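Engineer: have a look at this prediction, sequence included:
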Amino acid sequence: MIKTIRSKSEQKRQKVLEAAIELFVVQGFHNASMDQIALRAGVSKQTVYSHFSSKQELFKNAIQTRRSDYELSDASRLDDSAPPRESLLIMAQALLGLLLSDDGIRANRVCCAEAESHPEVAEVFFKEGPEHITNLLTHYLQRQVDSGRLSIANPRHGAIQFLYMVKGEAQMRALLNQKPWDSSEVSAYLNSCVEMFLKAYGVVAETC
């Protein structure tokens with residue numbers, strides 16, 4: 001395995017991001033100060049600002065970091081050459097993994113709580129989280145339509161339908177601190193989501 005060697009500057013940047021994520025998901029965007037983030041990261045406030053020009057930029061990058069942790073920042077989870085059933089299931093597992101993670105649950109709660117008083121925070125969260133992932137899946141579905149593997153009149157609507165079906169009750173249970181599904185139920189549910197989606201939108205290439 002090839003290990004990525006980070007420079008000292010990159011290491012400090014990563015420490016700032018991790019500290020910011022910890023504070024944002026616990027205290028919320030407005031209650032977490034740049035001073036607190038610097039202290040948690042073990043760096044100076046000047047170092048924080050040398051990497052991020054504002055707290056909003058830091059928040060944006062924090063969301064992107066967690067998104068990348070689950071390989072949901074680019075199309076790497078959506079292999080055009082693989083059967084749609086396979087790619088969609090991998091995407092579903094990654095998405096639900098992020099949504100049910102401690103950071104995912106807390107960030108969702110915090111942003112919903114601050115949406116009315118601080119809509120700009122919710123806007124950043126929506127753009128870098130749900131909207132970004134929806135766009136990734138929309139482009140993938142469009143490519144599958146173009147290749148004749150799927151038949152979807154509106155790929156964006158199809159992407160939204162799939163993603164919100166995946167979130168389902170599992171995320172709601174997590175947000176409301178209810179007993180979670182066990183891994184076998186999660187697996188069975190995600191497989192059924194994929195099967196239902198493919199039955200609705202006709203997988204031409206998988207009729208064998």
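Structural biologist: Here it is on my side, so go on.
Engineer: which residues sit in contact with residue 72?
Structural biologist: Applying CB atoms under 8 Å, 6 or more residues apart in numbering to residue 72 gives the contacts 94-95, 98, 132-133, 136. Heads up, the C-betas are built off the backbone N, CA and C, glycines and all.
Engineer: give me the subset of those residues that lies in helices.
Structural biologist: Using DSSP state H to define helices, the subset of these located there is 94-95, 98, 132-133, 136.
Engineer: over to the one residue sitting closest to the centre of the chain. Which of the three states is it?
Structural biologist: The structure's the chain has its C-alpha centroid closest to residue 67; by CA atoms, centre = their mean the separation is 4.4 Å. Classification of residue 67 using DSSP: H, G, I helix; E, B strand; the rest coil returns helix.
Engineer: only the buried residues of stretch 156-173, if you could.
Structural biologist: Residues of stretch 156-173 classed as buried: 158-159, 161-163, 165-168, 170-171 (neighbour count, 16 or more other CB atoms under 10 Å).
Engineer: hmm, which two among those are most spread apart?
Structural biologist: When the buried residues of stretch 156-173 are compared pair by pair using CB to CB, the farthest-apart members prove to be 158 and 170, with a separation of 20.7 Å.
Engineer: chain neighbours aside, what residue packs nearest to the residue nearest to the centre of the chain?
Structural biologist: Closest residue to residue 67 apart from its sequence neighbours, by CB to CB, 6 or more residues apart in numbering: residue 73 at 5.0 Å.
Engineer: can you classify the one you found by secondary structure?
Structural biologist: Following three-state DSSP, residue 73 is assigned to coil.
Engineer: and it, how far from residue 22?
Structural biologist: Distance of residue 73 to residue 22, given as CB to CB, to the nearest Å: 20 Å.
Engineer: same check, this time on residue 183
Structural biologist: Residue 183 sits 26 Å away from residue 22, taking CB to CB as the criterion.
Engineer: which of those two has more neighbours?
Structural biologist: Legend: neighbour count by other CB atoms under 10 Å for residue 183 and residue 22, higher for residue 22 (18 against 8).
Engineer: so which strand or helix has that one?
Structural biologist: helix 8-27 (DSSP states H and E).
Engineer: point out the other helices and strands that that helix packs with.
Structural biologist: Using 3 or more CB pairs under 8 Å, 6 or more residues apart in numbering; DSSP states H and E as the contact definition, the elements that helix 8-27 packs against are helix 34-41, helix 45-51, helix 55-69, helix 102-114.
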